[in-house]
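**Q** Starting from these lines, generate the structure:
(one chain, ligands or ions: 3)
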Amino acid sequence: MATDERLFVVLLGAPGAGKGTQAERLSDNLGIPQVSTGDLFRENLKRETELGLLAKQYMESGELVPDEVTVGMVRERLSRPDAAKGAILDGFPRTIAQAEALGELLDDMGDELDVVPYIKVPEDVLLSRLAGRWTCRKCGAMYHELYSPPQEPGVCDKCGGELYQRPDDTPETQKHRIGVYFEQTAPLIGYYRDKGLLVEVDGRPGIEEIQAELLDIINEQ
Ligand code: AP5
Ligand code: MG
Ligand code: ZN
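**A** Residues are numbered from 1 along each chain as shown. Ligands and ions are numbered 1, 2, ... in the order given. Next up, the predicted model:
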């Protein structure tokens, strides 16, 4: 574990790589919050806030929400008391500009990133994962109809909430999101490798195996 009290981890990976699945478990195992920009946008959308309505058009088409908006939202999220011990960042940063902004944000807090696990998954696997994904409307828990099905179809094991398929998980938008990832987010792999923070993780094995590897990587920090 890091010598400072706070732990900041960025999970890097393409849409469907398992960032959310792993972040949720890391959050439970480490006792620090999962900060998912995708989830934050979806919450805002549900509450029909100004931010949610702004993000809607971008999310529906699979484009990125503008950096200033996203960075402002993360800044606010990290200032909340539950992030006092750090956070597992999932889906942020997604551009070099966001990565620079995160560096400055942590610097202002007198802190820095501890490690950036990069969950690496081949493209055909990404698509099959996204196609079978079901999410809990109430608590956000994630399932896959083949790889990690709920005990009862359509019902969340954790909270009994209703499971739904994300509107941006149509085949067309999935492909577009993966394209946007290769264009705008993949450059972060080199960016964090140059900073000595990147650790590659094979994202093909089962969920629990990957979780164990991530915990090892984080505990080595
Ligand atoms: P976001 O919600 O972040 O979507 P994404 O990046 O497309 O990633 P996903 O959530 O689709 O994939 P994941 O890696 O979390 O995989 P998961 O764990 O679900 O972003 C949505 C939109 O919001 C963006 O398009 C953009 O518009 C906007 N946005 C968000 N952040 C932004 C930012 N920083 N800047 C600008 N715009 C932003 O797993 C997928 C499935 O696979 C699940 O069903 C799961 O059960 C299954 N699975 C997971 N791991 C395994 C495994 N090891 N084996 C078998 N199955 C597995
Ligand atoms: Mg996700
Ligand atoms: Zn639930």
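**Q** residues touching residue 162, list them.
**A** 136, 137, 138, 154, 155, 156 (Cβ atoms under 8 Å, 6 or more residues apart in numbering). C-beta coordinates here come from the backbone N, C-alpha and C atoms, glycine included.
**Q** Check the gap between the first one and residue 41 for me.
**A** This means residue 136. 17 Å (Cβ to Cβ, to the nearest Å).
**Q** Those two: which is more packed in?
**A** Ranked by neighbour count (other Cβ atoms under 10 Å), residue 136 and residue 41 place residue 41 first, with 23 against 20.
**Q** can you pull the contacts of the most centrally placed residue in the chain?
**A** Nearest to the mean C-alpha position of the chain, counting by Cα atoms, centre = their mean, stands residue 90 at 2.2 Å. Counting by Cβ under 8 Å, 6+ apart, residue 90 touches 11, 19, 20, 23, 34, 35, 36, 37, 38, 39.
**Q** Surely the fourth one and residue 34 touch.
**A** Yes - taking Cβ atoms under 8 Å as the contact criterion, residue 23 and residue 34 are neighbours in contact, 4.2 Å apart.
**Q** can you list residues touching both of the two?
**A** 88, 90.
**Q** Just the ones in strands from the contacts of residue 162, please.
**A** Secondary structure from DSSP state E places residue 136 of the contacts of residue 162 in strands.
**Q** Sounds good, over and out.
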